[in-house]
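3D model of this:
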Amino acid sequence: MSGHSKFSNIKHKKERNDAKKGKVFTVIGREIAVAVKEGGADPETNSKLRDVIAKAKANNMPNDTIDRGIKKAAGDIGSVNFETVTYEGYGPNGLAIIVKALTDNKNRTASNVRNAFTKGGGSVGTQGCVSYMFDEKGQILVDKEEYDGDADDLMMLSLDAGAEDFNEEEDCFEIITAPGDFSAVRESLEKETVPMLMAQVTMIPQTYVSLTDENDIKSFGKTMDLLDTDDDVQEVFHNLEE
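Numbers count the residues shown, from 1 in each chain. Below is the predicted model:
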């Protein structure tokens with residue numbers, strides 16, 4: 001995947017998310033609640049919560065909103081009943097799509113996801129039908145415009161912290177980690193005040209599919225729009241070469 005494409009896709013995703021702050025804050029609020037339930041309300045001893053807080057800050061969630069979410073979850077843990085569910089399926093031209101959701105009603109979420117696939121001319125498949133085409137990795141992107149340091153220093157900092165790979169792209173630096181090392185690497189960069197455009201555990205495609213037919217492009221866009229507006233949907237991964 002080319003650097004400029006990767007970077008522009010991420011920026012576009014952030015811009016789209018910025019236009020839907022209500023949805024983004026709802027998504028992160030659920031992640032905070034689940035992290036607190038699983039590991040407690042103290043970020044110092046809960047690495048998952050630290051990661052969610054970092055994600056919240058990257059999406060410009062106010063600190064008081066984050067704090068309220070943590071306190072609310074800690075005070076009402078019994079009501080936190082979200083489950084993580086994953087759906088896999090196909091879009092136009094055999095495009096592979098993975099949808100991760102946090103839901104308190106699996107029937108509702110399954111119906112909504114199936115509807116999004118169907119309206120875009122795709123179909124939901126069985127577990128594992130497309131996930132083998134992706135690698136689960138921690139991915140951190142650093143915007144070159146925001147980073148004043150030396151590229152070699154950033155590479156050494158990342159590798160010393162446990163990163164697997166470091167790539168210099170056209171507009172950004174990409175740092176890849178194993179999922180289990182992601183938190184340690186992100187925190188090391190954070191301590192050195194490295195500005196991170198994006199930092200998350202994600203699914204990176206092994207190969208990519210192109211869409212050239214206008215109807216296919218519109219159909220895929222329809223599926224993505226429906227998934228984007230569903231509060232249950234946390235993340236959508238696909239192998240479209242944009």
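
Which elements pack onto the lengthiest helix in the chain?
In the chain, ranked by residue count with DSSP state H as the criterion, the top helix is helix 21-39. Judged by 3 or more C-beta pairs under 8 Å, 6 or more residues apart in numbering; DSSP states H and E, helix 21-39 is in contact with helix 3-18, helix 47-58, helix 63-75, strand 96-103, strand 233-238. From N, CA and C alone the C-beta is placed, and that goes for glycine too.

Parallel or antiparallel, list what pairs with the fourth one.
This means strand 96-103. The pairing partners recorded for strand 96-103 under DSSP bridges are strand 83-90 (antiparallel), strand 233-238 (antiparallel).

Indicate which one of those strands is closest to residue 152.
Nearest of those to residue 152, taken as C-beta to C-beta: strand 233-238 at 31.1 Å.

Quick one: mean pLDDT for the closest one?
The predicted model assigns strand 233-238 a mean pLDDT of 94.

Not counting it itself, show me its contacts.
27, 30-31, 91, 95-102, 109, 113, 134, 202-203, 205, 224, 227-228 (C-beta atoms under 8 Å, 6 or more residues apart in numbering).

Over to stretch 122-138?
86-92, 95-98, 113-114, 117, 164, 175-179, 181-182, 185-186, 199-207, 219-220, 223, 237, 239.

ok, now with 7 Å
87-92, 96-98, 113-114, 117, 176-179, 181-182, 185, 201-207, 223, 237, 239 (C-beta atoms under 7 Å, 6 or more residues apart in numbering).

can you give me the end-to-end distance of that stretch?
28 Å (C-alpha to C-alpha, to the nearest Å).

quick one: low-confidence parts of the protein?
By pLDDT under 70, the low-scoring segments of the chain are 1-21, 77-80.

Regarding it, what is its longest strand?
strand 134-143 (DSSP state E).
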